[in-house]
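> predicted model follows, preceded by the sequence.
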Amino acid sequence: MRRFGDSPFLRADDIDWMKSLYLGDDPAADDEYGTPVLAEDLTNLPPAVVVCGYADPLRDGVEDYGRRLQEAGVSTAIIRYPGVGHGFFMQTHALARARAAMTEVGALVAARFAHSG
């Protein structure tokens, strides 16, 4: 958050503002339903694909959550895409990296469903 908190797509102030709208202003009131990384037990959650851009101010927290899922035994892929920031995944019309990410994540999900039945 400190390194990329002034990014053009998402700023630290924006994150704080959105979090306060969603969860209120008192961090002591945060819970695992609003902030999943606060959950003490992540076992038995479904498989996950955790995606973030290198320059996303939320990157470190997102990746920490992915590692906690892995440590809890949850099948989790953590993928960091270089050269992009927050929200890149939704910009498939403009970014080749977003199109590649969509293809790769789609392949991971398809493979998971192919082996689940």
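That came through fine. Residues are numbered from 1 along each chain as shown.

> which residues are contacting the helix or strand harbouring Arg68?
Assessed by DSSP states H and E, Arg68 sits inside helix 59-71. Here helix 59-71 makes contact (CB atoms under 8 Å, 6 or more residues apart in numbering) with 1, 4, 36-37, 42, 45, 48, 50, 52-53, 56, 76, 78, 80. In short, each C-beta sits where N, CA and C put it, glycine included.

> from the middle of its chain, how far away would that helix be?
Taking CA atoms, centre = their mean, to the nearest Å, the mean C-alpha location of helix 59-71 is offset from the chain mean by 8 Å.

> let's see which of the contacts of helix 59-71 end up in helices.
Using DSSP state H, no member of the contacts of helix 59-71 sits in helices.

> any of the residues you listed buried? List them.
Phe4, Leu42, Ala48, Val50, Cys52, Gly53, Asp56, Thr76, Ile78 (16 or more other CB atoms under 10 Å).

> what is the neighbour count of the closest residue to the last one other than its chain neighbours?
By the measure of CB to CB, 6 or more residues apart in numbering, the closest residue to Ile78 outside its immediate chain neighbours is Gly66, 3.9 Å from it. The burial metric for Gly66, expressed as a neighbour count using other CB atoms under 10 Å, is 22.

> what distance do you get for Gly66 to Val49?
Separation of Gly66 from Val49 (CB to CB, to the nearest Å): 9 Å.

> for those two, list the residues in contact with both.
Thr76.

> what does the helix or strand containing Val109 contact?
Using DSSP H and E, Val109 sits in helix 96-114. Contacts with helix 96-114, where a contact means CB under 8 Å, 6+ apart, come from 47, 49, 51, 75, 77, 79, 81-84, 88-92.
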